[in-house]
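**Student:** structure for this input, please:
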Amino acid sequence: MVRKTSRKITYLLASQSSHHGHTLGINSLAVDPNPPSSQYSGQLYSAGRDGMIMAWNLEDMVVKNAGYASIDDLDADTTSTAGVTTAVGSLGLNHVDDDTKDHTPSTNGVKKPQGKSTFRTQVQMHTHWVNDIALVNNYQNVVSCSSDLTVKIWHPRTDAQTTIGQHHDFVKCLAVDSQESDWIASGGLDRKVILWDLNGGGEKLQIDVGKKGENQKGSIYGLGTGGPGGSIVGSGGPDSIVRLWDQRTGGSILDFVGHTGNIRSILINKAGNLVLTGSSDATIKLWSITAGRLVHTLNMHDTSVWSLHSNHPNLEVFHSSDRSGLVVKTDMRGTSEAEDSMCVLVCNEHEGVNEVVASGDYLWTATANSRIHRWRDVDTTPATMQLQRLQRSRRRSSVGYQPRSQDNSLLRQAASAGLTSQIPVASLISLNAGTYGPSLLDPEEITLASATTARSEAPVPPPAEPPQPEPLWHNPDETIEGQTGLIKHILLNDRRRVLTVDTAGEVVLWDLIKCVMVRSYGSRDIQEVADEINTFETMTNWCQVNTRTGQLAVVLEESYCFDAEIYADEVAADLPPQPTSEPVQFRDDQRINLGRWILRNLFANLIEAEIRRDNLFRAQKRHQLSDRETRRGPPGHLSFSHMPPMTTWNDGARNANGTSMLLPTPGLVIGLATPAPAYNPANPPHVGSDASSTVMAVQSPDMGLTSPGTNGGAVVTDYFSSALSQVQVPSAAVALPSATASEIPPALANDGADDQTSDNLSTSSSLMGRLRSFGKGRLNRTVSTDSTKQPESKTDAGATDPTTISTPLTTVEEGKVDQSYEDTLAGVLQRIRHEYESTGTYDSSNFSVSLPNETPILTVPAETAIIISEQRVDAGGTMDLYRGTVSSCGEDSDVATLQDAAPGWLAEFLLLSKVPQKELVKVSFVLQPFADVLPALPNGNARLNAYRMLRAKKICAYVEEKLDSSVKRGPGPADEWLELVCQGQVVDNSFTLATIRARVWRSGGDVVLLYRRRNTK
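**Tutor:** Numbers count the residues shown, from 1 in each chain. Next up is the predicted model:
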């Protein structure tokens, strides 16, 4: 099967905290003014860069838009009384008449602080930033979009989550017309606007803003809907064009050109004739759909406008926020010129405000900080009414044409007349060219003069550098505190520990294998701590680490997760007690594969669940066969295997004498002192196989090596790069594991084996040569051969070297891949059951699960999150297929999801102990005597290749073996009387060749190692 996508495993490490709150910045907010419980005034929803959505109860505060409702009534009364509606630019913006005095709200623009916000619930909706949320279905559900490419809906009352759909790149914004709408629009960096059915119908309509690649700047950053029934959808982005689309057909209605920066926010009024847009060019523009032109450009901001919010059906009252942190409220009601509108600087967050939402008496701001601020809103109705009276008075008293100027502005005259006493003059902002309140009127010039006197004043030149405006509120009414989130990390040299620093500056050390926090170093410099605790070793990279959502995420992919190993003696002391009937024993210099180790423990519950299902399946099949035999009558002869079924992954295969077979890491173990049967890593033993029936031929311990250099065609031999051991097994049996022949020292491994000199061995049977012959299929990663015809390779001496690489599940030709199974856990299980059915044997399990001596059992925190995601070929990111925990991955519902989500390479390791085959990475080195204290090695044994994980003490053993017999040896092992020197530094016996090359040699070419007796000067 051709793989079209790649899947990866991610697990999250998180510290426990009793406090609820976001760990990173907040991107979006939404307010529900109609909570299901009368106990609360409303509910606030927040979504942030940590992938979380949280709900907060709003207690004892006014969050219904009663103030705006009274304004609507006020406008209606004014229209019916005066019989005239004065329009701003003839666009139908309502006029407030004199007869509104009785309708003025009792508040004077100042709200008393009250109420509090309490945590209600939270959900981890996404694995990347949540960029926007919207309330739908009468405030009952929350729709979210994320940089993980998905659009999801959350039902807070049931905590159910559903994926509505996905884009091909980050999804940046959402838009919904009303709470009664059955659809929602989303826009993303894939230059698509997609309309989704909220009732589960999937995609309803797709609009290609990118015009099939012609518009490279067609990414969507702003989205809005409006008009009758949400008939208009507006989009904007880096191309600076406001595009309007027909919601029913997806056709283009109109394009507005005028902005010079990225369009970040779009609002469309209910009537469908006005559009309000905010842009990175620091302007807010009002457009007329009916006239098809720009009406006004508002310049109250000096930096990029990031957010617009309005609860007014005609967009006459709206809030805006910018990159510098200013939150401004603009009231355009009743003004004949937009420049005369009331514009108040409500607050200043001093950092970019990603979104502002207002409801009732309050507004909330979302910033790059993890906390949420609640501010008191300002009621601009009284001041707006006074401005309208002044406007009418000026209109009646004006004679002839009078040019407009800053000194002649309506807002300045109102301030001079004291008509805006509820709002400080310093908090007023002019909509003319970004000039601020104090430039409208110097506070020292404010007098009790009448409006008529103010109109007759001579122009006052503005100051050269106008002072900054003063926000109406300097402190928020309430702060919903967040948690600290991780923002930086350093992966240490051992590739098992990570240092992180959080938003509070605390440095913490984590263990990637145990999935726990090790210790805190307080508020210190992370690099300083790293230099202090880093080790000298060099480890192959086996994972990717990131902190993009405020948590430590460890990512594993098939291409590299099985590349790193660690010596068992380095971790044996820290292992918890193993739940096995016999103590777990590690051979001398045994290595543990880190990827296998962590995956085995993360998915322990899944393996247990699949073992139970496998036992049940085989039991049912045996029962069916038994019933069939009973109906046919007694056969002449019955032969059954008495091998007990596997019940748990700890019940491994046992030898004929009942002892447990402790299996080594496939193909990765140095068996220096204990010879063992050869092991083919492509075919580990099956649980339930009859180990005693396996026929094994142990290769002679003295192995050959071709020297990297050429010496007249001479072949130099040593044990570092020899061939795999020869194995012949029947089709029903699998070779038992052992140390690879490439790592068996001839001097110490010769335990009763036949003598054989290295000169008789050929380089054509080297380990690398055999690994190249392995198949490359995803599900069938090993090449199966016909049992009647084995491939042969000839050595230089003419000896036949038969190799049998069999698979217990399928038989395919080399280079071909079985097309009948999906590359998932379900596909692997299907293959295993097909093997049962093809052989007609259900007594023993075909599962071959790694045992505790290969992957020691760890106590991974049960709440550790596990995510399986897919990288699509046609997408700009990854999409989540499964999200669960260590404890939940064995539950029936999770198992059903995992069977489709878990990739085949993961399933083959978990159930069959198979991993992708790779060539061993070797290091070339030269052995020379130090200052001629000891003789040189004979027969060209000085220039060698060896696996990069070979320790220095093994090299000492090789030197001892190759030295002339006349050289006096020490009383103990070679590493006790011999030592290696590299670049003038004595090499520690635990150093590997990889560490020596990277940390000591630090140069190109062959590593030069000098050997000498210890204590030699």
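
**Student:** now do the buried residues in stretch 338-358.
**Tutor:** Neighbour-count burial for stretch 338-358 flags 338-349, 352-358 (criterion: 16 or more other CB atoms under 10 Å). Yep, even glycine has a C-beta here, placed from its N, CA and C like the rest.

**Student:** for that stretch, what is the average pLDDT?
**Tutor:** For stretch 338-358, mean pLDDT is 90.

**Student:** ditto for stretch 955-972
**Tutor:** Stretch 955-972 carries an average pLDDT of 89.

**Student:** now for it, what's the gap between its first and last residues?
**Tutor:** Distance between the boundary residues of stretch 955-972 (CA to CA, to the nearest Å) amounts to 15 Å.

**Student:** use 865 as the first number for this chain going forward.
**Tutor:** Renumbered: residue one is now 865, and that last one reads stretch 1819-1836.

**Student:** quick check: buried residues in it?
**Tutor:** By 16+ other CB under 10 Å, the buried positions in stretch 1819-1836 come out as 1819, 1820, 1821, 1822, 1823, 1824, 1825, 1826, 1827.

**Student:** low-scoring stretches of the stretch 1215-1364 of the chain, by residue?
**Tutor:** Scanning the stretch 1215-1364 of the chain for pLDDT under 70 picks out the ranges 1255-1286, 1296-1331.

**Student:** and the helices in it?
**Tutor:** Along the stretch 1215-1364 of the chain, counting by DSSP state H, counting those that start in this stretch, helices occupy 1245-1261, 1274-1280, 1301-1304, 1315-1319.

**Student:** so which of the buried residues of stretch 1819-1836 are in helices?
**Tutor:** Among the buried residues of stretch 1819-1836, the members falling in helices (DSSP state H) are 1819, 1820, 1821, 1822, 1823, 1824, 1825, 1826.

**Student:** columns distance to residue 1863 on top of these, output as JSON lines?
**Tutor:** Converted to JSON lines, those look like this (distance: CB to CB, whole Å):
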{"residue": "1819", "distance to residue 1863": "16"}
{"residue": "1820", "distance to residue 1863": "19"}
{"residue": "1821", "distance to residue 1863": "22"}
{"residue": "1822", "distance to residue 1863": "21"}
{"residue": "1823", "distance to residue 1863": "21"}
{"residue": "1824", "distance to residue 1863": "25"}
{"residue": "1825", "distance to residue 1863": "27"}
{"residue": "1826", "distance to residue 1863": "26"}
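
**Student:** out of those, which is nearest to residue 1487?
**Tutor:** residue 1821 (56.4 Å; CB to CB).

**Student:** returning to what we had before: farthest pair in the buried residues of stretch 1819-1836?
**Tutor:** Greatest spatial distance in the buried residues of stretch 1819-1836: 1819 and 1827, 12.7 Å, computed using CB to CB.

**Student:** what segments of the stretch 1665-1814 of the chain are helices?
**Tutor:** So, for the stretch 1665-1814 of the chain - with DSSP H, counting those that start in this stretch - the helices run 1689-1703, 1756-1765, 1768-1776.

**Student:** of all those, which one is nearest residue 919?
**Tutor:** In terms of CB to CB, the element of those nearest to residue 919 is helix 1756-1765, at 24.1 Å.

**Student:** other SSEs contacting the closest one?
**Tutor:** helix 1468-1496, helix 1689-1703, strand 1742-1749 (3 or more CB pairs under 8 Å, 6 or more residues apart in numbering; DSSP states H and E).

**Student:** helix 1468-1496 and that helix, what's the angle between them?
**Tutor:** Using axes from the mean of the first three to the mean of the last three CA atoms, to 10 degrees, the inter-axis angle of helix 1756-1765 relative to helix 1468-1496 is 90 degrees.

**Student:** contacts only, for residue 905.
**Tutor:** When contacts are counted by CB atoms under 8 Å, 6 or more residues apart in numbering, residue 905 touches 899, 922, 923, 924, 925, 926, 927, 979.

**Student:** do that again at 7 Å, thanks
**Tutor:** Applying CB atoms under 7 Å, 6 or more residues apart in numbering to residue 905 gives the contacts 922, 923, 924, 925, 926, 927, 979.

**Student:** for the third one, give me its contacts.
**Tutor:** Contact criterion CB under 7 Å, 6+ apart gives 905, 978, 979, 980 as the residues in contact with residue 924.

**Student:** who wins for neighbours among those residues?
**Tutor:** Counting neighbours by other CB atoms under 10 Å, residue 905 leads those with 20 neighbours.

**Student:** so how far is residue 1004 from that residue?
**Tutor:** Counting by CB to CB, to the nearest Å, the separation of residue 905 from residue 1004 is 17 Å.
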